[in-house]
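1. pasting the sequence and the predicted model now:
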Amino acid sequence: MSNKQDIINKLIDAYWKEIETVQNYIALSVNLDGIQAKEIKESLAADVDEELGHAKELAKRIKELGGTVPGSKSFQAEQSYLQTPQDTTNVLAVINGVLEAEEDAIKTYSEIIKLADGQDYVTQDLAIRLLADEESHREEFTSFLREFRK
Ligand SMILES: [Fe+2]
Ligand SMILES: [Fe+2]
């Protein structure tokens, strides 16, 4: 049986992942160059708003459960795979990085769904909705990847 603190901690973990994803998607949505990058940049720019929305929903739920949303001093960056490549036309590297971030989000929300099962249906519902968004982001970038595998 998981307790409320485990759920809060996992929500905070998910919150930081969303914040870091927002940072890196903003950077990539402007830093990339070339014709092939155009679609990717537009897609990332749109996803920034969705991921920010996820962070806001997670923050609200952390507070509702009696937790405290942490400030930036406790932020620790983890997405080394999602940095702007030296070659800013290297769209393939970026697609792979985005897929890794989305997989990580999918894993996190799947864990929250299990953790909240039978205990906290509101958090579980939130995690299911966010999981659906992340799966759709993954599908979008998987479809970009198909073009490069031809
Ligand atoms: Fe997200
Ligand atoms: Fe996502």
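-> Received it, and whenever you're ready, just let me know what you need. Numbering: from 1, shown residues only. Ligands and ions are numbered 1, 2, ... in the order given.
2. ok, the closest residue to ligand 2 within the chain - contacts?
-> Closest residue of the chain to ligand 2, C-beta to the ion: residue 137 (3.7 Å). In short, each C-beta sits where N, CA and C put it, glycine included. Neighbouring residues of residue 137 by C-beta atoms under 8 Å, 6 or more residues apart in numbering: 47, 50, 98, 102, 105.
3. wait, which of the residues you listed is closest to ligand 1?
-> Taking C-beta to the ion as the measure, ligand 1 sits nearest to residue 105 out of those, at 5.1 Å.
4. among the contacts of residue 137, who's most crowded?
-> Ranked by the number of neighbours (other C-beta atoms under 10 Å), the contacts of residue 137 place residue 98 first, at 27 neighbours.
5. what number of residues lie near residue 112?
-> Residues near residue 112, counting by other C-beta under 10 Å, number 27.
6. my guess is it contacts residue 15. True?
-> No: using C-beta atoms under 8 Å, residue 112 is not in contact with residue 15; the gap is 11.2 Å.
7. got the contacts of residue 137 as JSON lines, with pLDDT columns?
-> Output for the contacts of residue 137, formatted as JSON lines (pLDDT from 0 to 100):
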{"residue": "47", "pLDDT": "97"}
{"residue": "50", "pLDDT": "98"}
{"residue": "98", "pLDDT": "98"}
{"residue": "102", "pLDDT": "98"}
{"residue": "105", "pLDDT": "98"}
